[in-house]
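Q: Let's see this in three dimensions:
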Amino acid sequence: MDSAPNASAERSSLDVIQAQVALIGRDPVITTLMSAASGLLIVVNENREVVAVNDTFLRSLGVDGAEGVLGLRPGEALRCVHPPEAAGGCGTTAACATCGAAIAMAATLETGKVVDRKCFMTIHGPEGTTDWCLRVRSSLLQSHGYRFVLLLLQDITAAQRWEEIERVFFHDVSNLLMALAARVELLANADASTVLEGTGKFRQLVERLSREVEIQKLLAREGSGTVTIRPERLKLSSVMRDLEMAVASHPAARGRVVTIAPPATDSTFATDSSLSLRILSNMVVNALEASEPGDEIRVWTDQSSESIGIHVWNRQVIPAPVAARIFERHFSTKGESGRGLGTYAMKLFGEKVLGGRVSFTTSAPGGTVFSLSLPT
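A: Here you go, the predicted model:
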């Protein structure tokens, strides 16, 4: 995965920024580009400060004039959630090391070449945070002894969202349809007692298929839709057995050991079994994929009078730049064609849908632990 070098926190003086803004404003080539470009266009100086923007950029922010964004860095102008995390602002936080725009700007300033990247960004909007995916193209401009970077940003959020959903949805649905087809074949040649038993399995597969459609609808609506909850009282030991069966045959489990500790107390709690199992399975599979052959994955539980906690551990440590963005919708450690929905979906379903809490810790001595806490 690409990463940006540590960017300087240095800021230009107001006099320098005003001089550069005036210089760019008098450049006929740049002003023509500003008026002709169909996407969001920004010009930044070597300190990554905005010295020019086009009208499309201003309209996307809902502002009337450029005065409010000149001198800011791109993430600050776009209201990215991460700049306040460090005194140096945009480009200096842990999350910025994996930002496509930061990587593109650094590469262009270093090589002088045109660079294309995807930038996944969570921004503050009028109704809370929103996840954006931008196609970024950066190119070098030189004028009157200054070096500038021209950034063309195209909003590809909708296309990226459908690409992710299509990749995950068709994979999961294809697996369910194959299982249904195999079950139908068995039922067609079974005796009466086997048919009765097989009908229950068939019903479970149909319910899982129906639930998968609901889940993908929720993801398609950026988490603003609804999923029908089917709560039931479950034994914690039963949930752990289902989890063990769900991950035992997964390809990522080959050559690795999954140790699931039995609950100290076999309490019952109310939850949607399908959704909770999906979240927990995702946690274990992510841990398996992050591990090396021969590694052990540990799963254990704890409980209080108010909640049940289920924890998944692996020995690997999540790098700080990745940890800072782990629950963002489009962000993935698997490259631009990665799945990109796993941890986002865990957070969405575990908290917004099930009313629990999804969290993680990571450290060099302790490894990484993902946790799902559900109310009793």
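Q: Where do the strands of the stretch 101-250 of the chain begin and end?
A: Counting by DSSP state E, counting those that start in this stretch, the stretch 101-250 of the chain has these strands, from start to end: 115-125, 128-143, 146-155, 231-235.
Q: Mind putting the ones you listed into CSV with mean neighbour count and mean pLDDT?
A: No exception for glycine: its C-beta is placed from N, CA and C like everyone else's. Shown next, in CSV, are the strands of the stretch 101-250 of the chain (neighbours: other CB atoms under 10 Å; pLDDT from 0 to 100):
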stretch, mean neighbour count, mean pLDDT
strand 115-125, 18, 91
strand 128-143, 17, 90
strand 146-155, 19, 93
strand 231-235, 13, 89
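Q: P321: which of those strands is closest?
A: With CB to CB as the measure, strand 115-125 is the member of the strands of the stretch 101-250 of the chain nearest P321 (12.4 Å).
Q: rewinding a little: any chance of the strands of the stretch 101-250 of the chain in a markdown table, with distance to A287 too?
A: Below are these laid out as a markdown table (distance: least, CB to CB, whole Å):
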| stretch | distance to A287 |
| --- | --- |
| strand 115-125 | 23 |
| strand 128-143 | 24 |
| strand 146-155 | 34 |
| strand 231-235 | 22 |
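Q: out of these, nearest to V353?
A: strand 231-235 (11.1 Å).
Q: The closest one pairs with which strands, parallel or anti?
A: strand 268-272 (antiparallel) (DSSP bridges).
Q: same for the helix or strand following the strand it pairs with, what does it pack against?
A: Downstream of strand 268-272, the first helix or strand assigned by DSSP states H and E is helix 273-290. Contact partners of helix 273-290 among helices and strands, from 3 or more CB pairs under 8 Å, 6 or more residues apart in numbering; DSSP states H and E: helix 192-220, strand 231-235, helix 236-248, strand 296-303, strand 307-314, helix 342-347, strand 367-375.
Q: would TSV of the ones you listed with distance to V184 be doable?
A: Below are those laid out as TSV (distance: least, CB to CB, whole Å):
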stretch	distance to V184
helix 192-220	8
strand 231-235	27
helix 236-248	22
strand 296-303	34
strand 307-314	34
helix 342-347	29
strand 367-375	34
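Q: Where does the prediction get shaky in the stretch 101-250 of the chain?
A: 162, 164-172, 174-176, 178-179, 182-183, 186-202, 204-205, 208, 216, 218-227 (pLDDT under 70).
Q: If we use 80, what do you get?
A: Within the stretch 101-250 of the chain, the ranges that satisfy pLDDT under 80 run 125-127, 158-229, 249.
Q: To R254, which of the helices and strands packed on helix 273-290 lies closest?
A: Nearest to R254 among those is helix 236-248 (10.7 Å), distances taken as CB to CB.
Q: From the chain's centroid, how far away is the closest one?
A: 26 Å (CA atoms, centre = their mean, to the nearest Å).
Q: quick one: contacts for the nearest residue to T157 once chain neighbours are set aside?
A: Nearest non-adjacent residue to T157, counting by CB to CB, 6 or more residues apart in numbering: C133, 4.6 Å away. Listed by CB atoms under 8 Å, 6 or more residues apart in numbering, the contact set of C133 reads K118, C119, F120, M121, D155, I156, T157, A159, Q160, R161, H330.
Q: and C90, which of the helices and strands packed on helix 273-290 is closest to it?
A: Nearest of the helices and strands packed on helix 273-290 to C90, taken as CB to CB: helix 342-347 at 22.5 Å.
Q: who does the helix or strand following the closest one pair up with?
A: Using DSSP H and E, the helix or strand that follows helix 342-347 in sequence is strand 357-363. When sheet partners are counted by DSSP bridges, strand 357-363 sits next to strand 367-375 (antiparallel).
Q: coming back round to it: quick one, which of the helices and strands packed on helix 273-290 is nearest to I30?
A: Proximity to I30 (CB to CB) singles out helix 342-347 among the helices and strands packed on helix 273-290, at 37.7 Å.
Q: Pull the residues that contact that closest one.
A: 215, 219, 278-279, 282-283, 285-286, 326-331, 358, 370, 372.
Q: if you set the cut-off to 7 Å instead, what comes out?
A: With CB atoms under 7 Å, 6 or more residues apart in numbering as the test, helix 342-347 has contacts from L219, I279, N282, M283, N286, I326, F327, E328, R329, V358.
Q: same deal with stretch 242-260?
A: Contact partners of stretch 242-260, identified using CB under 7 Å, 6+ apart, comprise 240, 277, 280-281, 284-285, 288-289, 291, 293-299.
Q: Show me just the buried residues among these.
A: Buried by 16 or more other CB atoms under 10 Å: 240, 277, 280-281, 284-285, 288-289, 291, 295, 297-299, out of those.
Q: Okay, the closest residue in space to I123 that isn't next to it in sequence and R161: tell me how far apart.
A: Spatial nearest neighbour of I123, excluding adjacent residues (CB to CB, 6+ apart): R79 at 4.8 Å. Counting by CB to CB, to the nearest Å, the gap from R79 to R161 is 20 Å.
Q: Which single one of the buried ones among the contacts of stretch 242-260 is nearest to G366?
A: For the buried ones among the contacts of stretch 242-260, the closest approach to G366 (CB to CB) belongs to R298, at 11.9 Å.
Q: give me every residue that touches the closest one.
A: So R298 contacts T259, W313 (CB under 7 Å, 6+ apart).
Q: could you redo the last one with a cut-off of 10 Å?
A: Residues near R298 by CB atoms under 10 Å, 6 or more residues apart in numbering: 257-261, 287, 311-315, 367, 369.
Q: Adding neighbour count as columns, could you present those in TSV?
A: Converted to TSV, the contacts of R298 look like this (neighbours: other CB atoms under 10 Å):
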residue	neighbour count
V257	12
V258	20
T259	11
I260	18
A261	11
A287	27
H311	19
V312	27
W313	20
N314	25
R315	15
G367	19
V369	18
